[in-house]
Every structure is written in C-alpha cells, then in structure tokens.
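Asks: Take a look and give me a structure for this.
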Amino acid sequence: MRGRGHPEADEAPDHGADTRLDKWLWAARFYKTRSLAADAIVGGKVHLNGDHAKRAKPVQVGDVIRVRQGIYETTVRVRALANRRGSATEAAKLYEETPESRAARDALAVQMRSMPGAYDAGRPSKKDRRDIARLRDLDG
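Replies: Numbering: from 1, shown residues only. Okay, the predicted model is just below:
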C-alpha cells in the first residue's frame, strides 16, 4: 500500500488528484523549475481558460492554457495530468497545441527569420559606438 511519504507514492500517476497549475506547467516542460512557472503565473504570462490564474489553481483535463514565453505565445489543451516531471516524450502527451496557436507561432518564426538581427541586442561594434556618439553630439 502506498501512502503519503512513501517513496513510490510520487511515482504513481495521479489520475484523480488535483494538479496545481505551476506543477503541471513544470511537468509539461514549459518551464525548467516550478518557481519559474510560479513566477510566470504571478507575472500574468499564463492564463487558464481565458482568465488570470493563481499558481495553486487546479488543472483539469480539457482546460485551455495560454503560455507566453518571450515573443512566442502557445495555447494548449490539457490532455492528461501529471505531478512529476518525466521525459520530453511523456511531457508532450500531457497537452495538445491548438491549430491556431501552431499557425501563429509558425508565422512569427517565419517573420523572425526574415528579419535577421532585429532582436540581436549584443554589444555594439566600433562603428555602432561612433554612430551613437555622433547622435549624442547632435542632441547636446
């Protein structure tokens, strides 16, 4: 019999138990740690069924979760619940991305590839520094 605190209790699949939103996002590999998932939820980057959610909000099969990571936004429908983090193939079985979300992400990826360097905020080159200095001289 597996009970609370038993080492094998965490390995059993949780089919009927409540799964917290932050734990599910971590198990589905949207975030590397639960604290990053919780921070994203608190920061308003995650919506559950179209509403802002708290990190302890229980997730149910069929719920729609919208996750914004950087410039990309992903909308998924929950297919299964999990309270532990598994392999990437297991995580992919926990959700199904909506066709609209996939199309929007693909369109954004094409747009990003067509604008090389648009989001590359690296160190300015010597020419860039001279141009910046020239603009500063014009302003002052």
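Asks: so what's residue 66 up against?
Replies: 46-47, 50, 73-75 (Cβ atoms under 8 Å, 6 or more residues apart in numbering). Using the backbone N, CA and C atoms, a C-beta is placed for each residue, glycine as well.
Asks: and which of these is nearest to residue 122?
Replies: If you rank the contacts of residue 66 by distance to residue 122 using Cβ to Cβ, residue 73 comes first, at 25.1 Å.
Asks: Could you tell me whether that closest one really is in a strand?
Replies: Yes. Under DSSP: H, G, I helix; E, B strand; the rest coil, residue 73 sits within a strand.
Asks: picking that back up, got a winner among the contacts of residue 66 for most neighbours?
Replies: The most crowded member of these is residue 46, carrying 25 neighbours; neighbours defined as other Cβ atoms under 10 Å.
Asks: For that one, list each beta-bridge partner.
Replies: As for beta bridges, residue 46 partners with residue 67 under DSSP bridges.
Asks: Mind picking the two most distant members of the contacts of residue 66?
Replies: Pairwise over the contacts of residue 66, using Cβ to Cβ, the maximum falls at 50 and 74, 14.7 Å.
Asks: Please enumerate the helices of the protein.
Replies: 21-27, 34-42, 88-92, 99-114, 126-139 (DSSP state H).
Asks: quick one: which of those helices is nearest residue 62?
Replies: helix 21-27 (13.0 Å).
Asks: Buried ones in the closest one, by neighbour count?
Replies: 21-27 (16 or more other Cβ atoms under 10 Å).
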